[in-house]
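Visitor: I need the structure of the sequence given here:
(one chain, ligands or ions: 2)
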Amino acid sequence: MKVNSGFQHQENPTNDRSFIKATGGGAYKFSDLFKEKLGISLEKEDEMDCLVTGANFLLKAVNHEAFTYLNGQKEFVQIDHNDLYPYLLVNIGSGVSMIKVDGDGKFERVSGTSVGGGTFWGLGKLLTKCQSFDELLELSQRGNNRVIDMLVGDIYGGMDYSKIGLSSTAIASSFGRAISNSNELHDYKPEDVSRSLLRMISNNIGQISYLNALRFGLKRIFFGGFFTRGHSYTMDTISVAVHFWSKGEAKAMFLRHEGFLGALGAFMSYERHSLGDLMVNQAVQIPVDASSSTDTNYNPLERDLNETESMQCSVYQA
Ligand SMILES: Nc1ncnc2c1ncn2[C@@H]1O[C@H](COP(=O)(O)OP(=O)(O)OP(=O)(O)O)[C@@H](O)[C@H]1O
Ligand SMILES: CC(C)(CO)[C@@H](O)C(=O)NCCC(=O)O
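Guide: Ligands and ions are numbered 1, 2, ... in the order given. The predicted model follows:
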C-alpha cells in the first residue's frame, strides 16, 4: 500500500472524520484495520492513476528526476515538459505493471508480468535463506552469476555465436549451469545464487519492457517501483537488456524517487478532488526516505541534496 504523507481532518457537520488518501491493494486490505485501530478512513485512489500522476509530477517538477545508468555511469536526463509524452512507465513492485502514458490522466496499462520484485525477494529467500531483502541485495553485489548461469561459451566451446549477435559471455540459459553437474543447492554460494536471480529477473523485465515499447513505438521507458532501489547492478542489467534488444534504439531511464510514485499520486489527488488546501503553485515538501538506499554506491541525492533534507518542488497543475 502506498499511503501519502498528508493527513486531512475534514470538518463536516454531519460526518466529522479524519482520512488519508491511500492507493494499491493495501488501501483495500487494511481499510478496516486503519478504521478500527486508528479511527482513520482510507480514501482509496486507483493504483495506476496514482502511479501515472506521481510519475508525471516528478518528471515535470523535479530537476534531475530521471537518469540513465550504463556501465556504472549515471547520467541525468533533461526532460522537455512539452515533449514528455508518450512514454512507457514500468513499475516494478512485487509484480510489474507496464503503462503507456499519453498525458496527464491519459494512460493505458498495456502489459505486466508476475515475475517482478516479489519473485526476486521470494525465490531469493527460499534459495539463500537470507532474512531480509537488503541482505539478499547485498549478497548479489558480491556474487558471480557465471557460476550458475549457462553462457553461450559453455555451449559453443568458449566461442562467440557472432552470426546471431551473441558473445561467448552472454547468458544462454539462466541457472542452466546447475543441470550439468551434480551440485546441490548447498554447493553454491548464496552470493552467486542471488546474483543470477537478480540478473535473470532484471533482464526479463528489461526485455518485456522493450518489447512493449516497440509495440507502441515508444522511445522512452521510465522505471519506477521499489524493486530497483537505486541498486547499480539491477539498473545496469535492465539498461543492458533494453539496449541489447533495441539495438541501442531505446533507453532505460530510472527515477530518483522510484518507490514513491503511488504515494505521491495519492497525495496529489487531494488537489484533483478539491478536498485539500493545496493551491496551484504551492510548494510541497517531499520527504526523502533515506531507507530507500541499500547500495552503498547509491545516493539518489548525490546531485544536490543530502539524505535528510526535504525537497522543494512546485505543484504546477493547470
Ligand atoms: N526493504 C525491503 N523489503 C522488502 N522488499 C523490498 C525492500 N526494498 C525493496 N524491496 C523490493 O520492493 C518490492 C516491492 O515494491 P513496491 O513496494 O513498489 O511494490 P508493491 O506495492 O508491494 O507491489 P505491487 O506494485 O505489485 O502492488 C519487493 O518485492 C522487493 O523486491
Ligand atoms: C497486481 C498489481 C497491479 C498490484 O500492484 C501488480 O502486482 C502487477 O502488476 N502484477 C503483475 C500482474 C500481471 O500483469 O501479470
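Visitor: spell out which parts of the stretch 1-150 of the chain neighbour ligand 1.
Guide: For the stretch 1-150 of the chain, the residues in contact with ligand 1 (Cβ under 6 Å from any ligand atom) are 24, 25, 91, 93, 94, 95, 117, 118, 120, 121, 133, 134. The way it works is simple: take the backbone N, C-alpha and C, and place the C-beta from them, glycine included.
Visitor: tell me the phi and psi of the fourth one?
Guide: When quoted as degrees, to the nearest 10, the phi and psi of residue 93 stand at phi -110, psi -130.
Visitor: which stretches of the stretch 201-318 of the chain have low pLDDT?
Guide: Where the stretch 201-318 of the chain drops to pLDDT under 70, the residues are 272-318.
Visitor: which residue packs closest to the residue in it that ligand 1 sits nearest to, ignoring adjacent ones?
Guide: Nearest residue of the stretch 201-318 of the chain to ligand 1 (Cβ to the nearest ligand atom) works out as residue 226 at 3.3 Å. Spatial nearest neighbour of residue 226, excluding adjacent residues (Cβ to Cβ, 6 or more residues apart in numbering): residue 259 at 3.8 Å.
Visitor: of the residues of the stretch 1-150 of the chain next to ligand 1, closest to ligand 2?
Guide: Lowest distance from ligand 2 to those (Cβ to the nearest ligand atom) belongs to residue 95, with 2.2 Å.
Visitor: how near is that closest one to residue 156?
Guide: 35 Å (Cβ to Cβ, to the nearest Å).
Visitor: same check on residue 118?
Guide: Residue 118 sits 35 Å away from residue 156, going by Cβ to Cβ.
Visitor: more neighbours, the two?
Guide: The residue with more neighbours, out of residue 118 and residue 156, is residue 118; 16 against 13, by other Cβ atoms under 10 Å.
Visitor: now the closest residue to that one other than its chain neighbours: which helix or strand?
Guide: Spatially, and ignoring its direct neighbours in sequence, residue 118 is nearest to residue 94 (3.4 Å; Cβ to Cβ, 6+ apart). If you go by DSSP states H and E, residue 94 is not part of any helix or strand.
Visitor: filter the residues of the stretch 1-150 of the chain next to ligand 1 to the buried ones?
Guide: Buried residues within those, defined by neighbour count using 16 or more other Cβ atoms under 10 Å: 24, 91, 93, 94, 117, 118, 120, 121, 133.
Visitor: restricted to helices, list these.
Guide: Judged by DSSP state H, helices contain the following of those: 117, 118, 120, 121, 133.
Visitor: out of the residues of the stretch 1-150 of the chain next to ligand 1, who's near ligand 2?
Guide: 24, 25, 93, 94, 95.
Visitor: buried ones in the longest helix anywhere in the chain, by neighbour count?
Guide: Longest helix in the chain, counting residues (DSSP H): helix 190-215. In terms of neighbour count (16+ other Cβ under 10 Å), helix 190-215 has its buried residues at 190-210, 212-213.
Visitor: and if you look at stretch 22-29?
Guide: Buried residues in stretch 22-29, counted by 16+ other Cβ under 10 Å: 22, 23, 24, 26, 27.
Visitor: get me the contact residues on the protein for ligand 2.
Guide: Selection of the chain residues close to ligand 2 by Cβ under 6 Å from any ligand atom yields 24, 25, 47, 93, 94, 95, 96, 97, 112, 113, 114.
Visitor: hang on, the fourth one packs against residue 226?
Guide: Yes. Shown here, residue 93 and residue 226 form a contact pair, counting by Cβ atoms under 8 Å, at 6.1 Å.
Visitor: need the overlap of contacts for these two.
Guide: Common contacts of residue 93 and residue 226, defined by Cβ atoms under 8 Å, 6 or more residues apart in numbering, comprise residue 117.
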